[in-house]
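> Pasting the sequence and the predicted model now:
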Amino acid sequence: MLRQELLDEEFECLRRIALAICQTLGRPKDREICRSTLEELVRFHQSPSIRIKENVHNFMVFYLKVLRWTQKNQPLDLYRQWVSAS
């Protein structure tokens, strides 16, 4: 399998994981930021350059770590208070 095909396949798997995590975020703005970031990464990943695909892959691995941390450390009670106050 070519390096480019491997990067494409792995990107799609990581993107699906990130989308699943995005849906669990409690704050609507966080979900919006997550989706727009992933859309931007998809655009970058469409480049024919292997170097760009590798950089996108490295960033996606980092971004998944950020999303997991955010998912685990959401101040859900605070979010509920904001929603009920508005």
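Okay, I see it.

> For the protein, name the helix or strand with the lowest mean pLDDT.
Using mean pLDDT, DSSP states H and E, the weakest-scoring helix or strand in the chain turns out to be helix 76-85, at a mean of 64.

> buried residues in stretch 57-74?
The neighbour-count check on stretch 57-74 (16 or more other CB atoms under 10 Å) flags 57, 60, 63, 67, 70 as buried. To be clear about C-beta, it is placed using only N, CA and C from the backbone, and glycine gets the same treatment.

> Then stretch 29-49?
30, 34, 37-38, 41, 45.

> where exactly do the helices run in this protein?
3-24, 28-45, 50-72, 76-85 (DSSP state H).

> Quick check: the residue nearest in space to the middle of the chain vs residue 5, distance?
Residue closest to the mean C-alpha point of the chain, counted by CA atoms, centre = their mean, is residue 18 at 4.2 Å. Using CB to CB, to the nearest Å, residue 18 is found at 20 Å from residue 5.

> Give me the below-cutoff pLDDT ranges for the chain.
Low-confidence segments of the chain (pLDDT under 70): 1, 76-86.

> Contacts only, for the residue lying closest to residue 59 once chain neighbours are set aside.
Among residues not flanking residue 59 along the chain, residue 41 sits closest, at 7.1 Å (CB to CB, 6 or more residues apart in numbering). Residues in contact with residue 41 (CB atoms under 8 Å, 6 or more residues apart in numbering) are 15, 56, 59-60, 63.

> Please produce TSV containing these, extended by distance to residue 25.
Formatted as TSV, these follow (distance: CB to CB, whole Å):
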residue	distance to residue 25
15	16
56	22
59	19
60	17
63	13
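
> could you dump the buried residues of stretch 29-49 to a markdown table with distance to residue 9?
Below are those laid out as a markdown table (distance: CB to CB, whole Å):
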| residue | distance to residue 9 |
| --- | --- |
| 30 | 28 |
| 34 | 22 |
| 37 | 21 |
| 38 | 17 |
| 41 | 15 |
| 45 | 12 |
